[in-house]
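**Q** Quick one, what's the 3D model for this:
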Amino acid sequence: MNTETNDSTEFRQKPDKLKHEFHRHKFRLHHHAYEDFHRSQWQTKPTSWAFLIYRWLLAIFFNVGVATCIYFYFLGGRWFIYLTNWGFMLCGITSTTGAICLSIYHKHPEGMVQRVCIIKCYWACYWTNLIIAYVIGIVYWGAIHFKKGEDDDRGDVSTVYNLWTHAMPSLLFTVDHMIVAQPSRILHFIYPFFFGLIYGIFTIIYYLLGGLDVRDRTYIYSMLNHAIPHQSLGTMALITLLIIACSTFHYGLYRLRVFIAGKLKKLQ
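**A** Numbering: from 1, shown residues only. Model prediction:
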């Protein structure tokens with residue numbers, strides 16, 4: 001049974017006061033109205049066919065991208081060593097899960113809302129995907145894309161797939177973040193942090209086992225060259241700060257979305 005209360009007795013979707021967002025229980029995946037995860041902020045009826053169609057189009061877009069990217073750039077399995085591709089797979093998983101859950105909600109609303117464990121997993125996955133997409137985009141366009149020659153970490157990937165994997169996730173999921181009705185939490189930065197931590201541990205293990213990148217170098221990314229420990233640790237620290245910054249930014253977008261919805265009388 002849900003025990004968490006909301007500061008507003010008028011609208012269940014009105015967020016808590018900012019000072020309450022830093023309470024310890026906000027690390028948890030708990031919400032007082034789980035139906036918000038299956039609705040658009042802007043729909044007027046309990047279900048929306050337009051929102052459902054949109055969700056499936058988003059899922060198809062990313063899953064086609066993941067499947068074709070693996071087909072063209074499998075690289076003997078080394079497609080799976082790059083953070084970009086971890087994030088791209090997460091886009092496919094998140095969008096597909098959202099579309100399936102919404103489809104079930106359309107047929108059995110009460111039954112879907114009661115599947116709290118699934119909803120919580122989706123919430124963690126959604127927030128992780130949203131933040132990691134931004135981190136990947138910022139790091140790629142800021143530190144990798146314009147590097148040339150032997151120090152180029154990109155490999156030979158077409159412009160289409162560069163945009164598909166490094167630009168479209170952050171762009172489309174930002175739009176999605178402004179469409180959905182689900183809440184956001186600043187302290188949920190821990191979920192993308194754990195995702196990044198798992199990837200960092202993977203790169204260390206890969207290095208220790210003698211793994212090579214597509215150019216037969218002993219590191220996957222030059223900034224994560226574990227032969228230079230202080231450099232790789234510094235990179236990990238900066239990525240952590242970037243995760244916190246992106247989480248704060250997207251929490252701000254959530255508050256903006258709710259504010260606009262309130263002005264347009266779309267809060268429920």
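**Q** can you pull out the strands in the chain?
**A** For the chain, no strands are identified by DSSP state E.
**Q** for the protein, which helix is longest?
**A** For the chain, the helix that runs over the most residues, judged by DSSP state H, is helix 229-263.
**Q** tell me which helix or strand of the chain sits lowest on mean pLDDT?
**A** Lowest by mean pLDDT, DSSP states H and E among the helices and strands of the chain is helix 109-113, with a mean of 92.
**Q** so residue 169 sits right up against residue 88, yeah?
**A** Yes - with contact defined as CB atoms under 8 Å, residue 169 and residue 88 form a contacting pair (6.9 Å). Using the backbone N, CA and C atoms, a C-beta is placed for each residue, glycine as well.
**Q** Flag the shaky bits of the stretch 1-150 of the chain, pLDDT-wise.
**A** 1-10, 148-150 (pLDDT under 70).
**Q** between residue 169 and residue 88, what contacts are shared?
**A** residue 62 (CB atoms under 8 Å, 6 or more residues apart in numbering).
**Q** and the gap between residue 20 and residue 114?
**A** With distances taken as CB to CB, to the nearest Å, residue 20 is found 26 Å from residue 114.
**Q** hang on, the earlier thing: please name every helix or strand in contact with the least confident helix or strand of the chain.
**A** helix 83-107 (3 or more CB pairs under 8 Å, 6 or more residues apart in numbering; DSSP states H and E).
**Q** For residue 214, report the pLDDT, please.
**A** Residue 214 is assigned a predicted lDDT (pLDDT) of 89.
**Q** How about the one 5 residues further on?
**A** According to the model's per-residue confidence, residue 219 sits at a pLDDT of 93.
**Q** which residues does the closest residue to residue 103 other than its chain neighbours contact?
**A** Nearest residue to residue 103, sequence neighbours excluded (CB to CB, 6 or more residues apart in numbering): residue 52, at 6.6 Å. With contacts defined as CB under 8 Å, 6+ apart, residue 52 is in contact with 99, 102-103, 106.
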